[in-house]
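Asker: compute the structure for the input listed below.
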Amino acid sequence: MSNVAVILAGCGVKDGSEIHEATLALYFLDEAGANVQIFAPDRPQHHVVNHQTDDESLSEKRNILTESARIARGNVSPLSELNIDAFNAIIFPGGFGAAKNLCNYALEGANFSVQEDIANIITQAHEANKVLGFICISPVMAAKLIPGVCVTVGGASDTSKHIEQLGAIHQISQVDEVVWDEQHRVASTAAYMVGTSIKDIGAGIKALCDVVMAKAIVSVT
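Answerer: Residues are numbered from 1 along each chain as shown. Okay, the predicted model is just below:
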C-alpha cells in the first residue's frame, strides 16, 4: 500500500484549497487503496474572502490548518509533522489558497516565491525521488522549484507563459488529461484552470491519482 500525503491550503476556492479538487483527490486515492494523510501549514491564511460576494474581510483572520480541517473532517496534521521518508507521494490540490497561502503567485505573478516550509517539502521530496502531484494552479510551484520540469495548467495563458519563463516546460492539455514527467516524477492536471464542471475535472483528477499510484515507490524507509 502506498502512503500519500495531501497538502491543503485552507477551505474554499477563493482563499483556500478548492474543495471539489481536494475532495476528489481524496476520494480517488482512497478508491485506489492509498493510505492518505492530510497536512496543512499551521499559520494565518493570507486573507478571508466572502465566497458569495467576492468581498475581502479586512478584520477577519483564519488559520490555514483550522480551515483545512473542514475538508479533512478534523483529521489533519500540521505541516511541520510531515516526514517525507514515510510517504511515497505528495499531492497538492489547487484553489487560490495554493497561490496565496502556499506561495504568493496570485499576488506577485511571475516574480512569486514559495513559502519556505512548502519549498522544503517539494525540494526534499523531489530529491528523494518521491512522486509529486499538482492540481489546477499548484503546478506553478513545481515550475519554480524543479528546474526543467514539465507540467500543465491546461491551455496557453499568462500562467503557462510564466511557467516557461521559470525555465520549466508547459504542456497543453485537456481537462480530463494528466501530464506525467517521468524524469522528475511529477504529475499535473489542469482541473478548474480549464474545466467548468465537477464531472469534467473529476476525470483529470482521477487520471492524476491513477498515475501517482502506479508510479509511487511502494517501499519507504
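
Asker: got a list of contacts for stretch 158-171?
Answerer: 105, 109-110, 137, 139-140, 142-144, 146-154, 172, 179, 193 (Cβ atoms under 8 Å, 6 or more residues apart in numbering). For every residue, glycine as well, the C-beta is placed using N, CA and C.

Asker: filter those residues to the buried ones?
Answerer: 105, 137, 139-140, 142-144, 146, 149-154, 179, 193 (16 or more other Cβ atoms under 10 Å).

Asker: among the contacts of stretch 158-171, name the ones in helices.
Answerer: Judged by DSSP state H, the contacts of stretch 158-171 include 105, 139-140, 142-144 as members of helices.

Asker: and the two most separated of those?
Answerer: Tyr105 and Ala142 (11.7 Å; Cβ to Cβ).

Asker: show me where this protein has its strands.
Answerer: For the chain, the strands defined by DSSP state E occupy 3-7, 35-40, 48-49, 56-57, 76-78, 89-92, 131-135, 150-151, 169-170, 179-181, 186-189.

Asker: list the contacts of the first one.
Answerer: Residues lying outside strand 3-7 but in contact with it, judged by Cβ under 8 Å, 6+ apart, are 22, 25-26, 29, 34-40, 79, 82, 86-93, 102, 118, 121, 212-213, 216, 220.

Asker: how many other residues sit next to His170?
Answerer: 25 (other Cβ atoms under 10 Å).

Asker: that one and Phe39, how far apart?
Answerer: Distance from His170 to Phe39, counting by Cβ to Cβ, to the nearest Å: 27 Å.

Asker: wait, Gln115 touches Ala99, no?
Answerer: No: judged on Cβ atoms under 8 Å, Gln115 makes no contact with Ala99 at a distance of 11.3 Å.

Asker: more neighbours: which of these two?
Answerer: Neighbours were counted for Gln115 and for Ala99 using other Cβ under 10 Å; Ala99 has more, 23 against 17.

Asker: could you point out the longest helix of this protein?
Answerer: helix 198-215.

Asker: could you check the angle that one makes with strand 131-135?
Answerer: Angle of helix 198-215 versus strand 131-135, following axes from the mean of the first three to the mean of the last three Cα atoms, to 10 degrees, is 170 degrees.

Asker: that'll do, ta.
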